[in-house]
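*Asks:* the following block contains a protein sequence and its predicted model.
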Amino acid sequence: MFLGDSMGAAAALRFPSVAKAVLAFTPQIDISTYEAITRSDFPRAVKEGFGRDVIEVLTTRCGDDTAGREGDKWAQVHYGVKCEEDVRQVGLLPRNTGVELVSHDYDDHILSLFLRKEGVLTDLVERAVQRFFNGSIVIKD
């Protein structure tokens, strides 16, 4: 099981061939023009290709007839519905790929910190991990 936040969430979604389940918070899919990415080890070509790679592997992972059926969810992506950039980012994720989008009434990218402050993050993560170790890759409630 992979768990990630922001760029780590996108990385967790980027490698579905080695993850049976993913719990992701506010993934940054398109980093090509995202101003917060100032890392010097990410040249322009890497930034431009990253989002395409994430979308391609998600489409490939669940690109058959079974994609999108109830119970086929293998990833859960949490985001703040009032954060325009996060809404744009999760909107880039292909549909019917087993990725469940979970919106929260929040307006900033630091959703996981908000969920922790609200006292729900630990329970959310524990439930996902428990389901994973119980042999079920379905992390939807």
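*Replies:* The structure has been received and is ready for your questions.

*Asks:* alpha carbons only for contacts and neighbour counts from here, please
*Replies:* Will do.

*Asks:* and D53, that one's in a helix?
*Replies:* Yes - assessed with DSSP: H, G, I helix; E, B strand; the rest coil, D53 lies in a helix.

*Asks:* got a list of what it touches?
*Replies:* Shown in contact with D53 (C-alpha atoms under 8 Å, 6 or more residues apart in numbering): R14.

*Asks:* give me the distance between V125 and P94.
*Replies:* According to C-alpha to C-alpha, to the nearest Å, V125 and P94 sit 24 Å apart.

*Asks:* now do R52
*Replies:* Taking C-alpha to C-alpha, one finds R52 at 11 Å from P94.

*Asks:* in the helix-or-strand element of the chain with minimal mean pLDDT, what's buried?
*Replies:* Lowest on mean pLDDT, DSSP states H and E among the helices and strands of the chain sits helix 44-61, with a mean of 87. Across helix 44-61, burial judged by 16 or more other C-alpha atoms under 10 Å covers K47, F50, G51, V54, I55, V57, L58, T59.

*Asks:* next one: stretch 98-114
*Replies:* Buried residues in stretch 98-114 (16+ other C-alpha under 10 Å): G98, V99, E100, L101, D107, D108, H109, I110, L111, S112, F114.

*Asks:* can you list those in CSV and add pLDDT, distance to P16 and secondary structure?
*Replies:* Output for the buried residues of stretch 98-114, formatted as CSV (pLDDT from 0 to 100; distance: C-alpha to C-alpha, whole Å; DSSP: H, G, I helix; E, B strand; the rest coil):
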residue, pLDDT, distance to P16, secondary structure
G98, 85, 11, coil
V99, 89, 11, strand
E100, 89, 14, strand
L101, 94, 16, strand
D107, 96, 28, coil
D108, 95, 27, coil
H109, 94, 23, coil
I110, 94, 24, coil
L111, 97, 23, helix
S112, 96, 22, helix
F114, 97, 27, helix
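
*Asks:* all good on my end, thank you.
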